[in-house]
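S.K.: generate coordinates for the sequence data below:
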Amino acid sequence: MKRSPHVFVWTVMAVVSSLVHHDCTRSPSIVSVAVESTHACAVRSTGAVLCWGQDINHQLGTIPSTNSGESAMTPMPVNGIDNAVAVAVQMWHTCALLADGTVRCWGMYQPFYHGDSPDGAVPLGTFITLKTPTSIPGVTTAIAIAGGPNFDCALLEDGTIQCWGQHESRLFSDSQQMQPASLSPVTITRIPTAVSFAISYGAGCALLTNGTVQCWEDPIWNYTVDFPSEPTTVKEIATAASLSMGGTHACAVLMNGTVKCWGKLDVGRHTTIPTLISGITTARMVSVGTVHTCVTLSDGRIQCWGSNNVGQLGNGTHTDTMLPVNATGISTAKIVTAGAGAGPDHYTTCAVIGDGSLWCWGYIYGQVDHGSTGDSSLPVKVGG
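M.R.: Predicted coordinates:
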């Protein structure tokens with residue numbers, strides 16, 4: 001039997017669900033949403049995908065190819081997709097997981113740059129630009145997707161993970177050499193039976209069937225804290241229920257509802273040993289952003305902690321905190337995604353609540369459709 005699809009985002013990749021606002025009481029509910037510094041996309045219960053924000057490299061999939069470079073401040077439907085169940089975004093590209101287990105992507109994958117030359121770094125291979133949603137060859141049984149900086153990955157029904165785009169050498173395989181960007185998936189053979197997974201800048205973590213977590217990284221990136229180059233079991237994690245990874249750290253929800261995190265933790269804390277997050281005992285899911293982290297609780301609240309420079313914690317302030325604080329006014333949350341940002345002020349959080357509506361807070365440029373640019377330290381209804 002096919003397992004339920006999910007999206008596991010890298011903090012810059014973050015995930016939740018749908019819109020284009022006409023009649024709020026009749027609009028299809030949101031089932032998945034992903035937020036990044038340049039754009040956001042959502043999936044409706046009807047299977048439609050809508051995207052908004054910047055379209056520098058066709059990452060919206062909604063604007064005619066001749067007009068790439070424009071922006072869409074309101075959600076627009078992605079052409080040709082009507083059976084999506086989840087979506088993942090990165091700065092320049094987007095992917096949708098479809099109900100039949102296939103994956104379609106659009107936008108741009110950059111090649112790996114290496115070495116020195118009079119003109120700077122030299123690209124390995126060429127750019128891959130997908131102006132319209134394009135099927136990833138050979139992926140037919142995907143149950144989850146995740147986006148990396150220049151690559152994407154899918155978890156298959158049999159527990160294997162396949163990735164495409166810029167082929168990170170030590171992240172994808174035992175190879176010491178970077179490979180040219182390609183849409184041909186590469187299987188991560190070192191993780192044969194994952195239940196879920198998360199990826200970030202040159203690093204990955206996988207939740208295994210026995211509740212343990214294994215993490216590894218490509219040493220060329222060195223964004224995390226002492227992640228080994230080979231998949232290695234994370235100490236102090238034996239009963240993980242779900243997993244998320246951000247730009248520099250990872251978190252797991254344990255079977256007992258507590259949360260442990262490790263890596264470069266938000267506001268200045270670094271640890272290789274998973275640290276218990278104080279005060280959280282009923283977590284349902286965790287989403288790790290670049291500089292902040294959020295959880296949904298069993299009573300419907302959302303709590304966040306970390307950097308709060310643009311109000312991404314949602315508590316009406318801009319004060320950083322390492323103690324979880326409630327996102328104001330959210331009491332029936334189903335999903336939360338702590339989006340990543342490419343700069344110091346591009347961090348957004350979004351949540352789907354009980355009535356299927358989408359609320360976002362933090363950095364506002366397209367990600368929150370209320371007709372303005374800036375930031376909001378309180379949740380704002382998308383389309384409302």
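
S.K.: beta partners of W52?
M.R.: Legend: beta-bridge partners of W52 under DSSP bridges are A40.

S.K.: C105 against P133, yeah?
M.R.: Yes: the pair C105 and P133 qualifies as a contact (C-beta atoms under 8 Å) at a distance of 7.0 Å. All C-beta spots, glycine's among them, are computed from the backbone N, C-alpha and C.

S.K.: compare those two (neighbour count), which wins?
M.R.: Per other C-beta atoms under 10 Å, whichever of C105 and P133 has more neighbours is C105, with 26 against 22.

S.K.: part of a strand, is the more buried one?
M.R.: Yes: if the criterion is DSSP: H, G, I helix; E, B strand; the rest coil, then C105 is within a strand.

S.K.: overlap in contacts, C105 and P133.
M.R.: Both C105 and P133 are contacted by A96, under the criterion C-beta atoms under 8 Å, 6 or more residues apart in numbering.

S.K.: quick one: buried residues of stretch 208-215?
M.R.: For stretch 208-215, the neighbour count (16 or more other C-beta atoms under 10 Å) marks L208, T212, V213, Q214, C215 as buried.

S.K.: ok, the residues you listed vs G257, which is closest?
M.R.: Ranked by distance to G257 (C-beta to C-beta), these are led by V213 at 16.8 Å.

S.K.: which residues does that closest one contact?
M.R.: For V213, the contacting residues are C205, A206, L207, T233, V234, I237, A240, L243, A250, A252, by C-beta under 8 Å, 6+ apart.

S.K.: neighbour-wise, which of these leads?
M.R.: Counting neighbours by other C-beta under 10 Å, C205 comes out on top of these with 32 neighbours.

S.K.: assign the residue nearest to that one when sequence neighbours are not counted to helix, strand or coil.
M.R.: Nearest in space to C205, with sequence neighbours left out and distances taken as C-beta to C-beta, 6 or more residues apart in numbering, is C215 at 4.2 Å. At C215 the chain is in strand, as set by three-state DSSP.

S.K.: which residues touch C215?
M.R.: Counting by C-beta under 8 Å, 6+ apart, C215 has contacts A203, G204, C205, A206, T224, F227, P228, P231, T232, V234, A250.

S.K.: how close does it sit to I81?
M.R.: According to C-beta to C-beta, to the nearest Å, C215 and I81 sit 32 Å apart.

S.K.: how about T62?
M.R.: Using C-beta to C-beta, T62 is found at 10 Å from I81.

S.K.: just S278 next, same as before
M.R.: When S278 is compared with I81 (using C-beta to C-beta), they lie 42 Å apart.

S.K.: of those two, which one has the most company?
M.R.: A direct count of neighbours by other C-beta under 10 Å for S278 and I81 places I81 higher, at 19 against 11.

S.K.: give the closest residue to the more buried one in space, chain neighbours not counted.
M.R.: Closest residue to I81 apart from its sequence neighbours, by C-beta to C-beta, 6+ apart: V49 at 4.8 Å.

S.K.: tell me, how many neighbours does that neighbour end up with?
M.R.: By other C-beta under 10 Å, the residues close to V49 number 30.

S.K.: was I right to think it contacts M76?
M.R.: No: using C-beta under 8 Å, V49 is not in contact with M76; the gap is 9.8 Å.

S.K.: got a list of what the residue nearest to I81 touches?
M.R.: For V49, the contacting residues are C41, A42, V43, G61, P77, V78, I81, A84, V87, A96, by C-beta under 8 Å, 6+ apart.

S.K.: so which of those residues comes closest to P28?
M.R.: The closest of the contacts of V49, once distances to P28 are taken by C-beta to C-beta, is V43, at 9.7 Å.

S.K.: quick check: that closest one touching C51?
M.R.: No: counting by C-beta under 8 Å, V43 does not reach C51; the two are 10.3 Å apart.

S.K.: of the two, give the one with the bigger neighbour count.
M.R.: Comparing V43 with C51 by other C-beta under 10 Å, the one with more neighbours is V43, at 30 against 27.

S.K.: now the element after the least confident helix or strand in the chain by mean pLDDT, going C-ward?
M.R.: For the chain, using mean pLDDT, DSSP states H and E, the weakest element among its helices and strands is strand 6-7, scoring a mean of 42. Later in the chain than strand 6-7, the nearest helix or strand by DSSP states H and E is strand 30-35.

S.K.: now that next one: mean pLDDT?
M.R.: The average pLDDT for strand 30-35 rounds to 91.

S.K.: got it, and stretch 196-205?
M.R.: Stretch 196-205 shows a mean pLDDT of 86.

S.K.: start to end distance for it?
M.R.: 9 Å (C-alpha to C-alpha, to the nearest Å).

S.K.: now do it: distance to the chain's middle.
M.R.: Distance of stretch 196-205 from its chain centroid, counting by C-alpha atoms, centre = their mean, to the nearest Å, is 10 Å.

S.K.: the residue nearest to M108 when sequence neighbours are not counted: neighbour count?
M.R.: Spatially, and ignoring its direct neighbours in sequence, M108 is nearest to N57 (3.7 Å; C-beta to C-beta, 6+ apart). If you count neighbours by other C-beta under 10 Å, N57 ends up with 21.
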